[in-house]
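Asker: need a structure here:
(3 chains)
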Amino acid sequence: MAQPETAPPQTAPAPVPAPVTPAPGVRIDGLTVVYKTTAGELPAVRDVSLTLEPGSITGIVGESGSGKSTLALSLLNAVQPPGRIAAGSVEIDGLGDVVGLAGERLRKARGAHIGYVFQAAQNSLNPLKTVGKQLLDLGRSHGVDDLRGLVREAKELLGRMGLDGARVLDSHQHELSGGMRQRVGIMLALVLNAHLVVLDEPTTALDMITQANILKIVREVHAERGLTTLVITHDIGVVAEVADRLAVMYGGRLVEQGPTREVLHAPRHPYTRGLIQAIPRLVGDIDEARALPGRPPTLATVPKQGCVFRERCALRMDICETDDPAALADGPRIVACHAVGVKERA
Amino acid sequence: MSATVIPETSGGGISTASAMRRNFWRGVWRVMRRKPSRLAGAVILVGFAFMAVLGPMFYPDNLPGDANAITRPPSWEHWFGTDPQGRDVLALVITGSRYVLLSAAVTALITVVFGTGLGLFSGFKRGRWDTVLMRVTDMKLTIPGLPLLLVLATVWKFGNPLQMGLVLGLLGWGGVARAVRAQTLSLRERGFIEAARGLGLSTGHIIGKELLPSMAPYIAMNMLIAVTGAVYAQVGLFFLGVLPYESNNWGVMLNLAVFQAGAMITPYALGYLLAPLLAILLLTLGIVLVVDAMDEIFNPRLREE
Amino acid sequence: MITATGITRTFRQRGGVLAGREVQALRGVDFSIAKGGAASFIGESGCGKTTLGRIIAGLESYDGGEIAIGGTPMTPLKPKQRQPHFRKIQMIHQDPYSALNPTRTIHQTLQAPLALRARQTGRSKQWMEERAAEVLSLVGLDPGSVLSRYPHQLSGGMRQRVVIARALTVDPEMLVADEAVSMIDVSLRLGILALLKDLRERLGVAVLFITHDVATARYIGDDGELFVIYRGQVVERGPVDTVIADPVHPYTQSLLSAIPVLHGLEEPGEQPVVPLESLDESRADAGCLFARRCPFRSERCESELPLLQVTDGVPQEHACFHPERRSVIARPLSGV
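Answerer: Sure thing, here's the model as predicted:
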């Protein structure tokens, strides 16, 4: 549609970064992503609905195989074969339904509209090229005319994150520490002026201090540039630090979502409760921490019928065997659990 | 200790080991069946092996020539025609296969044993031994193979396929040694090798049971490629005519077809020229098709899936 | 069980612009662990904690100091003679994926060390089979369903259990666990930690736990000692709960301040120390190693290296000229 408008102004006219574009909202509705396997097409993400409010930070928590990364890739319509988006829509303000985008328009949207920071940015950089060269490649592939302006913007962003921009742009991947690479990843995601940012496991493999620094940067840059941010992680602590809203995924389903503090304070879904209980704490009785029994399902072992969590669930009922619980809203909180539903109705 | 022993769940060691071997071959069968091309490749290779082992038994030592049918094009009687002495070309190819394949097998064996052994030792010991051995390997790699063979051919006649295989093998192990060493160096940093050292397992166990199986697809591939290389090298030598025609051999056939029967000018000798070429091509094809399956055969994950 | 005194290790950089430059990975580390005891080392990546673990497990050499295992000093011994001593200390690697040979079944993996033991002690094949099943049961796995599997058929948590089972085949007296749960799924982590704890209690196996996650260190060895290591130097050590609740070294304080606060369940600590990012490590080593990043540094810190010491009224040792207790960790909200 409005393709000329989506191309951002190449040079920031004023050094003060004033958010020109308002942060976009995202509405994921009934999204199902399937992977083709020898056992047929299996859903990695099943019937997920999630709204990212403009200007919010949403955290998605899940274990391996929960479908959280697949969900994040769907935002860019970047699910690779043998996977495909089988149903649902991903509406992004100013871009429309991404599921329908293809080819050149999709490529332009990635980067210019949606910034993606890959897992701890470890392997997303080309080891043979300096960061600066990769920045220029990125600019050229998006048809940026003013490459000088792009470099200036990149240096400014890096400086904002506490790095020496010129030195970093001259460096190769191996010359940067984990925390620095992660910052470079964030810079590359933001430099084309994207206002929707997806961070996939932003602090995995980083130590505590670096993690704290990166999370601080995420929070600050988010506020300064007026972004809508999605953080994908397995670590509830990360979400607790940065996110306004928390969504918990399990076996391809979104089992609970709500304001972070409320969910942590009083988790409703038994899985969320179990996850929080399994975190060892710094004070108090160490035996309060309890392991969740069983183990997370894989694509092949996710139950096809009924609740995906029932095999590890203490509140399991007969209905859980047959019916997949619907996601029911209660104010800002949404839970998909039969046991919770019963309590509410009673 | 307060553990509960459950002896009945795991049978005796011997039965488990043989069951595993059975599982391995079942896995191999599964991998081969996955693509028809692999089965075709295997059939070709088995065919060649039979040809080399049994083929010459069906023919007399000196093939009879038909003086009335000299340098004939292919016919029902002689599928690939006859040579200038009136001998059946197909029979020549079959009787000649033994020399070619036997020497190729010897080459492959020497290449693999030498290359793997040196590469493993070098990569595992590291330090001074590694430096010395790799210098030797580098020097060896810089020796140009063909000229050396030509020089050697003046003093040695290579009438025996074993001699030929030995020389080609001694010339060819350098690449394998380098590759195996690189693999060893990267594998020895892996957790399971370190754990084996920490558990006090012997070096023999670590090399034989932990490292070698991980490199098996690699080594098997190199071996098959060495076979192709050896076939090309010796056929090339005989074709060039630097070696005496003492034996019946595909290379000799090619040489005679071109320089004696005049296959380049007369169409009558075309069969004589094409038959050994076709044999070489088919052998290479069989190897290429089988190499494709190696990775899956030796990787349990790919094998079982 | 083990006593280490003044362990040092220096690496020489190879290749690149830094060729020949020496990096001190460990600068005189002392510690000891009793039978069935526990000690935890925490610190950032690159602080030397992994090198220490590898040295203790006999996988890496040390340049200075002494390690005594069961009272026997290792330095005078030849490598071959050290081996049986170091075998009592088994390493649990971080990555359960590379720690098991993908081409060998769990049965084969366990049989190799057991065969060695059987040969040394003249035991039968039957014993080997029983023992393999036994160690698997010890780590909470069902031998019947696991033995014939290949590693790729097991989940990360199960693999880590197999790794621990393999270590148990040689009846170790100590396990060195280097970030042993950081690659395991969150809901399974606690299970592995509980297992290590359980092995301590049931078999009297000591645990040396190396991590950047203080809470997991506390979970495994809250009765043991906590060591905070920075650039190869132990900057603070003491009983786990004391160091966590009342850290006195600014580095410990910034490490603890960096732990995410579970808002909704916890409130931030009273005096968090803002962790400073160190981006320049290529400085000379005069003075306190942490001075560059320390918000409380004085002139003295720039020129003199503080050594581990005890201050009155503080149960832990610290290497700081300006020790001050600060309560930095998050506190549980009341009524949760």
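
Asker: Just the strands from the chain, written as ranges.
Answerer: No chain was given, so I picked chain A. A:26-37, A:40-52, A:57-61, A:83-92, A:96-97, A:114-117, A:196-200, A:228-233, A:245-250, A:253-259, A:328-330, A:333-335 (DSSP state E).

Asker: could you do chain C instead?
Answerer: For chain C, the strands defined by DSSP E cover C:2-12, C:22-33, C:38-42, C:64-69, C:72-73, C:89-92, C:174-178, C:206-211, C:225-230, C:233-239, C:266-267, C:309-310, C:317-318, C:331-332.

Asker: Just give me the residue closest to the centre of chain C.
Answerer: In chain C, the centroid-proximal residue (C-alpha atoms, centre = their mean) is residue C:210; its distance is 1.9 Å.

Asker: ok, now which ones touch the residue nearest to residue A:203 when sequence neighbours are not counted?
Answerer: Excluding its sequence neighbours, the residue lying closest to residue A:203 (C-beta to C-beta, 6 or more residues apart in numbering or on different chains) is residue A:211, at 4.0 Å. Just so you know, the C-beta spots here come from the backbone N, C-alpha and C atoms, and that holds for glycine as well. Contact analysis of residue A:211 by C-beta atoms under 8 Å, 6 or more residues apart in numbering or on different chains lists A:203, A:238, C:258, C:260.

Asker: Over to residue C:160?
Answerer: Residues in contact with residue C:160 (C-beta under 8 Å, 6+ apart) are C:92, C:96, C:180, C:181, C:184, C:192.

Asker: neighbours around the fifth one, how many?
Answerer: This points to residue C:184. 25 (other C-beta atoms under 10 Å in any protein chain shown).

Asker: for it, what are its contacts?
Answerer: The contact partners of residue C:184, by C-beta under 8 Å, 6+ apart, come to C:96, C:156, C:157, C:160, C:192.

Asker: Recalculate using a threshold of 6 Å.
Answerer: C:156, C:157, C:160, C:192 (C-beta atoms under 6 Å, 6 or more residues apart in numbering or on different chains).

Asker: Domain ranges for chain A, per the record?
Answerer: Here the domain parsing of chain A from automatic domain parsing is A:19-103+A:197-209+A:226-346, A:114-193.

Asker: got TSV for the ones you listed, with mean pLDDT and mean neighbour count too?
Answerer: TSV is the format used below for those (pLDDT from 0 to 100; neighbours: other C-beta atoms under 10 Å in any protein chain shown):
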stretch	mean pLDDT	mean neighbour count
domain A:19-103+A:197-209+A:226-346	88	19
domain A:114-193	86	19
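
Asker: picking that back up, to chain B, which of the strands of chain C lies closest?
Answerer: Minimum separation from chain B across the strands of chain C (C-beta to the nearest C-beta) falls at strand C:89-92, 5.5 Å.

Asker: Which elements pack onto that closest one?
Answerer: helix C:156-168, strand C:174-178 (3 or more C-beta pairs under 6 Å, 6 or more residues apart in numbering or on different chains; DSSP states H and E).

Asker: I'd like to know how many residues surround residue B:139.
Answerer: Residue B:139 has 10 nearby residues by other C-beta under 10 Å.

Asker: now do residue C:151
Answerer: Using other C-beta under 10 Å, residue C:151 has 24 neighbouring residues.

Asker: can you check residue C:148 too?
Answerer: Neighbours around residue C:148, by other C-beta under 10 Å: 17.

Asker: That one: what's it in contact with?
Answerer: Residue C:148 neighbours (C-beta under 6 Å, 6+ apart): residue C:105.

Asker: Tell me how far it lies from chain A.
Answerer: 19 Å (C-beta to the nearest C-beta, to the nearest Å).

Asker: quick one: pLDDT of that residue?
Answerer: What the model reports for residue C:148 is a pLDDT of 88.

Asker: give me the low-pLDDT residue ranges for chain C?
Answerer: In the predicted model of chain C, residues C:13-20, C:275-285, C:335-336 satisfy pLDDT under 70.

Asker: Chain A contacts on that one?
Answerer: C:44-45, C:155, C:185-188, C:190-191, C:194, C:212, C:215-216, C:219, C:222, C:244, C:255, C:258, C:260, C:262-265, C:275, C:277, C:329 (C-beta under 6 Å from any C-beta of the partner chain).

Asker: mind checking which helix or strand residue B:107 is in?
Answerer: helix B:89-125 (DSSP states H and E).

Asker: What average pLDDT does the next helix or strand after that helix get?
Answerer: Per DSSP H and E, the first helix or strand lying C-terminal to helix B:89-125 is helix B:127-142. Across helix B:127-142, pLDDT averages out at 82.

Asker: and the next helix or strand after helix B:127-142, what does it pack onto?
Answerer: Reading on from helix B:127-142 to the C-terminus, the next helix or strand found by DSSP H and E is helix B:145-155. Of the remaining helices and strands, none touches helix B:145-155 by 3+ C-beta pairs under 6 Å, 6+ apart.

Asker: Identify the residue spatially nearest to the residue in the stretch 1-150 of chain B positioned nearest to chain A, adjacent ones excluded.
Answerer: For the stretch 1-150 of chain B, the residue closest to chain A is residue B:34, as judged by C-beta to the nearest C-beta, at 11.2 Å. Closest residue in space to residue B:34, ignoring its immediate chain neighbours: residue B:296 at 7.5 Å, by C-beta to C-beta, 6+ apart.

Asker: next one: phi and psi at the one you found?
Answerer: Per-residue torsions, residue B:296: phi -70, psi -30 (degrees, to the nearest 10).

Asker: was I right about it contacting residue B:32?
Answerer: No - using C-beta atoms under 6 Å, residue B:296 makes no contact with residue B:32, being 9.2 Å away.

Asker: re earlier: would CSV of the strands of chain C with distance to residue B:160 be doable?
Answerer: As requested, those are exported to CSV (distance: least, C-beta to C-beta, whole Å):
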stretch, distance to residue B:160
strand C:2-12, 54
strand C:22-33, 59
strand C:38-42, 66
strand C:64-69, 60
strand C:72-73, 61
strand C:89-92, 54
strand C:174-178, 58
strand C:206-211, 62
strand C:225-230, 67
strand C:233-239, 70
strand C:266-267, 83
strand C:309-310, 81
strand C:317-318, 78
strand C:331-332, 85
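
Asker: so what's the closest residue to residue A:256 other than its chain neighbours up against?
Answerer: Closest residue in space to residue A:256, ignoring its immediate chain neighbours: residue A:269 at 3.9 Å, by C-beta to C-beta, 6+ apart. Residue A:269 makes contact with A:255, A:256, A:335, A:337 under the criterion C-beta under 6 Å, 6+ apart.

Asker: Distance of residue A:269 relative to residue C:209?
Answerer: Residue A:269 sits 32 Å away from residue C:209, taking C-beta to C-beta, to the nearest Å as the criterion.

Asker: What of residue A:218?
Answerer: Computed as C-beta to C-beta, the residue A:218 to residue C:209 distance reads 30 Å.

Asker: who has more neighbours, those two?
Answerer: Neighbour count, other C-beta under 10 Å: between residue A:218 and residue C:209, residue C:209 has more, with 29 against 26.

Asker: what residues are up against the closest residue to the more buried one other than its chain neighbours?
Answerer: Nearest residue to residue C:209, sequence neighbours excluded (C-beta to C-beta, 6+ apart): residue C:40, at 4.3 Å. For residue C:40, the contact set (C-beta under 6 Å, 6+ apart) comprises C:209, C:217, C:221, C:226.

Asker: try residue C:47
Answerer: C:229, C:230.

Asker: Give me the phi and psi angles of it.
Answerer: According to degrees, to the nearest 10, residue C:47 has phi -90, psi -10.

Asker: Next, find the distance separating it from chain B.
Answerer: Distance from residue C:47 to chain B, by C-beta to the nearest C-beta: 21 Å.

Asker: Quick one: the helices in chain A, in order.
Answerer: A:3-6, A:68-75, A:103-112, A:131-141, A:147-160, A:165-169, A:178-190, A:208-225, A:236-242, A:260-265, A:270-277, A:318-322, A:338-345 (DSSP state H).
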